[in-house]
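In: 3D model of this:
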Amino acid sequence: MERMEIASPFPGAEAFLADRASSTQEEAKRLAASGCAPGSLVAANEQSAGRGRFPERGWESEYGKNLLVTVYLCPRAGRPRAALPIRVGLALCEAIEDYASKIGGAFASPPRLKWPNDLMLGDRKAAGILCETGPAGVFAGVGLNCNQMRFPPLLEGKATSLAPELGQEVDRWAILELFLARLSADLGAGPASDDDDGDWRRAAMERLWRRGEAVSFLPGMAAKSRGVLPLRGILEGLDEGGSVLIRAAGEEAARAYAAGELTAAPPAYKVKP
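Out: Residues are numbered from 1 along each chain as shown. Now for the predicted structure:
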């Protein structure tokens, strides 16, 4: 790995670029174990074992085209744990909007947060977020499609990147600097206080993909193992801990779910208000 000259708001933080890495998450963990300061990061031009939220889901990326990075944060940043991917995603949404404004561009539709860990442009995925916590700290991994123009057949129509959305090639390192600034402002000092807890939640709900619309929801692995079937309902928002709130058909109040898989409901499906 080689050192990178990246402007960072994190005191004493270091930045490294790996030409090829198995996973920026694993490289960042080694970095933290070596004693690097919170805010330090590892980026890569290519990953051989990039992964998503589930082990069977890899993250495919063209060499040198996209932003693949993991930022090491202090342990306090991981509370509440369920809210962490949303808060990292919120910082990423704000950063790419900052970048678009900086270059005089604009998105056809504003960046949205698909609970729990995706960034959407329209109904296409532009980024995935992987957050892991442990005694050493928090590792916030981001895979942001920047300049990739083609995707594997299974992702055609489902994925997008910033360059076609903005109509020009983008500078992934400039986006990284803007992301670090937003991340530091929200999570650099640790968890939300009582004063600012409502701020991140309100901001996240304003960007929440499909909020107020009918969705299909498959509860988390624990529920699936008990034979729980997918439910359909209205996505109402987020609770204080970052869990998603869904009001199922026939129910008056929304229920909170800390884990699961969210998709758009079929067009014909509706839930009465």
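In: Pull stretch 149-164 out as PDB, backbone CA atoms only.
Out: The C-alpha coordinates for stretch 149-164 follow below in PDB (Å, rounded to 0.1, in the frame of the first residue of the first chain):
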ATOM      1  CA  MET A 149     -20.400   2.600 -17.400                       C
ATOM      2  CA  ARG A 150     -21.300  -1.100 -17.800                       C
ATOM      3  CA  PHE A 151     -22.400  -3.600 -15.300                       C
ATOM      4  CA  PRO A 152     -22.800  -7.400 -15.300                       C
ATOM      5  CA  PRO A 153     -26.000  -8.800 -16.900                       C
ATOM      6  CA  LEU A 154     -27.600  -9.500 -13.500                       C
ATOM      7  CA  LEU A 155     -27.100  -5.800 -12.500                       C
ATOM      8  CA  GLU A 156     -28.200  -4.200 -15.800                       C
ATOM      9  CA  GLY A 157     -31.100  -1.900 -15.000                       C
ATOM     10  CA  LYS A 158     -30.500  -2.300 -11.300                       C
ATOM     11  CA  ALA A 159     -27.200  -0.400 -10.900                       C
ATOM     12  CA  THR A 160     -25.900   3.000 -11.900                       C
ATOM     13  CA  SER A 161     -22.900   5.200 -11.300                       C
ATOM     14  CA  LEU A 162     -22.300   8.900 -10.900                       C
ATOM     15  CA  ALA A 163     -20.700   9.600 -14.300                       C
ATOM     16  CA  PRO A 164     -23.700   8.800 -16.400                       C
END
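In: And the helices in the stretch 1-150 of the chain?
Out: Along the stretch 1-150 of the chain, counting by DSSP state H, counting those that start in this stretch, helices occupy 24-33, 84-102.
In: most tightly surrounded among the ones you listed?
Out: Greatest average neighbour count among the helices of the stretch 1-150 of the chain goes to helix 84-102 (a mean of 22), per mean count of other Cβ atoms under 10 Å. In short, each C-beta sits where N, CA and C put it, glycine included.
In: For the nearest residue to L90 once chain neighbours are set aside, give its distance to S48.
Out: Distance criterion Cβ to Cβ, 6 or more residues apart in numbering; nearest residue to L90, sequence neighbours excluded, is A204 at 5.2 Å. Counting by Cβ to Cβ, to the nearest Å, the separation of A204 from S48 is 33 Å.
In: the more surrounded of these two?
Out: A direct count of neighbours by other Cβ atoms under 10 Å for A204 and S48 places A204 higher, at 21 against 10.
In: Contact partners for the more buried one?
Out: Counting by Cβ atoms under 8 Å, 6 or more residues apart in numbering, A204 touches 86-87, 89-90, 113, 238.
In: Now do the SS call for it.
Out: When classified by DSSP: H, G, I helix; E, B strand; the rest coil, A204 comes out as helix.
In: Next one: it, what pLDDT does it get?
Out: Looking at A204, its pLDDT reads 95.
In: what do you get for P273?
Out: For P273, the predicted pLDDT is 55.
In: you'd agree K125 is up against K114?
Out: Yes: counting by Cβ atoms under 8 Å, K125 does reach K114; the two are 7.3 Å apart.
In: rewinding a little: now render the contacts of A204 as TSV, adding distance to G134 and pLDDT.
Out: Below are the contacts of A204 laid out as TSV (distance: Cβ to Cβ, whole Å; pLDDT from 0 to 100):
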residue	distance to G134	pLDDT
I86	19	95
R87	18	95
G89	20	97
L90	23	97
L113	24	98
L238	24	96
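In: Go through those and say which is closest to A37.
Out: The shortest approach to A37 among the contacts of A204 belongs to R87, at 20.4 Å (Cβ to Cβ).
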